[in-house]
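[1] generate coordinates for the sequence data below:
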Amino acid sequence: MRRLIISLLAMAMLTACGEAPPQLDQIKERGELRVLNRYSLTSYYVKGNDALAGFEYELAERFADRLGVKLKVIVPENLGTMLHMIEEGRADIAAAGLTVTEQRKELLRFGPVYHEVTQQLVYKHGNIRPKDITDIVNGTLEVVADSSHVEQLQALQQEIPELSWRENKELDSRGLLELVQLELIDYTIVDSNEMSANQSLFPELRVAFDISDPQPLAWAMAPTDDESLYLEVVDFFHDIEASGELDKLIEKYYGHIRRFDYVDTRAIHRRIQTHLPQYKDLFKAAADEYGFDWHLLAAMAYQESHWNPEAVSSTGVKGLMMLTRSTAKQLGVTDREDPEQSIFAGAAYLASLYSRLPERIKDPDRTWFALAAYNTGLGHLEDARVITQSIGKNPDSWSDVRESLPLLSKKKWYSKTKHGYARGSEPVRYVQNTRRYLNIILHHEDMTTPAAPSIPDVDEKLPAAL
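    The predicted structure follows:
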């Protein structure tokens, strides 16, 4: 309290002398960090359970917690407005996956680089794939206005004068991807992380080629003489990188994105329409009873059986949730092909595995561990965690343990374990696929929901594209 009083008196004296207090002190005095963001799978979105999520959002939330203030998210109408707002100091930080470019560095101050992306030209599968930038001069290319993509095209236009494009102030990258999918335009340009995150939602789209070298992403701030906020941002990124927290966050949002499976992705989009409605209420009821998100149970069931209640594997597991005879008997299931019994038993078994993991393991890692155990058994999972610890990595981190699980098929390693040999790559693929299906189901639900939920302490202005 004494420090606070002294700080307030000092600020009052500075104000009385006509000198504004440092920006960092103003934020703490205000009790609120004003952050500009954008609606995107890579930045900020509302999940199916009305919870806020997104890589950039979680970074900003951690920074606000560090300062001991509330986070206020502001979503401007378009990218150009965002850049003007931060340049004019109408917000504290723009945390929206902004690419650091030479033109932007003249107007903004950027924090430390935390990720890299490459600009990619996107077209629709089935059309002729352009081999280089000269192949698109007769097509319709549309990009987000005021984006780094415009700067890149302007540089390319110096060598290819006939290159032309349209700048869209209304749609974001996802909106333009949808236009390509609908064949309303021929091409667009998106960052590689955006394309990876959206690929499963637009299975017809393909990357033709990269149009840039890897480019850095960073938070942007107003270019003032006051460096208090900037220096705090620098310290923040240094600390979360040193602690491994940044790597964990990257794994959380990008760890499940691997090789794109066109056929499989097309199949789940069809079955969301034809099969999922039959079982949605059962997934919701089981999720309520056992404390899970119903979308997760639905994603598990798709991974297990593609929502086929009569599915049977070569090893004898059966039903929507592919229960073994012993598990079904243990859980009182009399008919493994009965959807209701299968779904509730699968949820109960997952809940049992989840509860038997060490208390110190927190979500989302705890959920990924439970999924892996559902596939391979808790004993083999524990063996992999022991191996992980023995090689100096974190046995409570899914990103570390998933690297150890494949070792269970190698005699050098499984001969030293309690439960012996296991096809350790299978639970890794199981979790990876389930996370991918979960992402597809969540965003399919989001795209078909009539109205967005009301979120406190967030300024929401949905772009026209959404």
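[2] skipping its backbone neighbours, what lies nearest Asp365 in space?
    In space, and not counting its chain neighbours, Asp365 is closest to Trp398: 4.4 Å by Cβ to Cβ, 6 or more residues apart in numbering. In short, each C-beta sits where N, CA and C put it, glycine included.
[3] residue contacts, that neighbour?
    Trp398 makes contact with Glu251, Gly255, Pro364, Asp365, Trp368, Phe369, Ala372, Val431 under the criterion Cβ atoms under 8 Å, 6 or more residues apart in numbering.
[4] taking those, tell me the two that lie furthest apart.
    Glu251 and Ala372 (14.5 Å; Cβ to Cβ).
[5] out of those two, which sits in the busier spot?
    Neighbour totals were compared for Glu251 and Ala372, and Ala372 leads with 26 against 19 (other Cβ atoms under 10 Å).
[6] follow-up on the earlier one: among the contacts of Trp398, which are in helices?
    Glu251, Asp365, Trp368, Phe369, Ala372, Val431 (DSSP state H).
[7] next, format those residues as JSON lines and append distance to Leu163.
    Formatted as JSON lines, the ones in helices among the contacts of Trp398 follow (distance: Cβ to Cβ, whole Å):
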{"residue": "Glu251", "distance to Leu163": "38"}
{"residue": "Asp365", "distance to Leu163": "46"}
{"residue": "Trp368", "distance to Leu163": "45"}
{"residue": "Phe369", "distance to Leu163": "50"}
{"residue": "Ala372", "distance to Leu163": "48"}
{"residue": "Val431", "distance to Leu163": "43"}
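[8] just put these in JSON lines and tack on pLDDT and distance to Thr388.
    Below are the ones in helices among the contacts of Trp398 laid out as JSON lines (pLDDT from 0 to 100; distance: Cβ to Cβ, whole Å):
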{"residue": "Glu251", "pLDDT": "76", "distance to Thr388": "14"}
{"residue": "Asp365", "pLDDT": "93", "distance to Thr388": "12"}
{"residue": "Trp368", "pLDDT": "96", "distance to Thr388": "14"}
{"residue": "Phe369", "pLDDT": "97", "distance to Thr388": "11"}
{"residue": "Ala372", "pLDDT": "96", "distance to Thr388": "12"}
{"residue": "Val431", "pLDDT": "94", "distance to Thr388": "15"}
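[9] name the nearest of these relative to Ala298.
    Distances from Ala298 to the ones in helices among the contacts of Trp398, taken by Cβ to Cβ, are shortest for Val431, at 15.6 Å.
[10] quick one on the thing from earlier: I'd like the contacts of Trp398 written out as a markdown table, with distance to Glu340 added.
    Formatted as a markdown table, these follow (distance: Cβ to Cβ, whole Å):
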| residue | distance to Glu340 |
| --- | --- |
| Glu251 | 35 |
| Gly255 | 33 |
| Pro364 | 28 |
| Asp365 | 30 |
| Trp368 | 27 |
| Phe369 | 27 |
| Ala372 | 26 |
| Val431 | 26 |
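[11] I'd like to know which of those residues is nearest to His269.
    His269 lies nearest to Val431 out of these, by Cβ to Cβ, at 21.2 Å.
[12] got a list of what the closest one touches?
    His256, Trp368, Leu371, Ala372, Asn375, Trp398, Arg402.
[13] same thing with Leu176?
    Glu142, Val143, Val144, Asn168, Ile185, Thr188, Val190, Ala465.
[14] lowest pLDDT pick from the residues you listed?
    Lowest pLDDT of the contacts of Leu176: Ala465, 30.
[15] low-confidence ranges, this protein, go.
    Where the chain drops to pLDDT under 70, the residues are 1-19, 47-50, 255-266, 314, 446-466.
[16] now, of the contacts of Val431, which are buried?
    Neighbour-count burial (16 or more other Cβ atoms under 10 Å) applied to those gives His256, Trp368, Leu371, Ala372, Asn375, Trp398, Arg402.
[17] can you give me the helices for the stretch 251-400 of the chain?
    262-274, 276-290, 294-305, 325-330, 339-356, 365-376, 378-390, 398-404 (DSSP state H, counting those that start in this stretch).
[18] looking at the ones in helices among the contacts of Trp398, which is nearest Asp225?
    Asp225 lies nearest to Glu251 out of those, by Cβ to Cβ, at 38.0 Å.
[19] burial check on the closest residue to the closest one other than its chain neighbours, number of neighbours?
    Of all residues not flanking Glu251 in the chain, Ser399 sits nearest, at 4.3 Å (Cβ to Cβ, 6+ apart). Around Ser399 there are 17 other residues, counting by other Cβ under 10 Å.
[20] could you check how far Ser399 is from Pro203?
    Applying Cβ to Cβ, to the nearest Å, the value for Ser399 to Pro203 is 27 Å.
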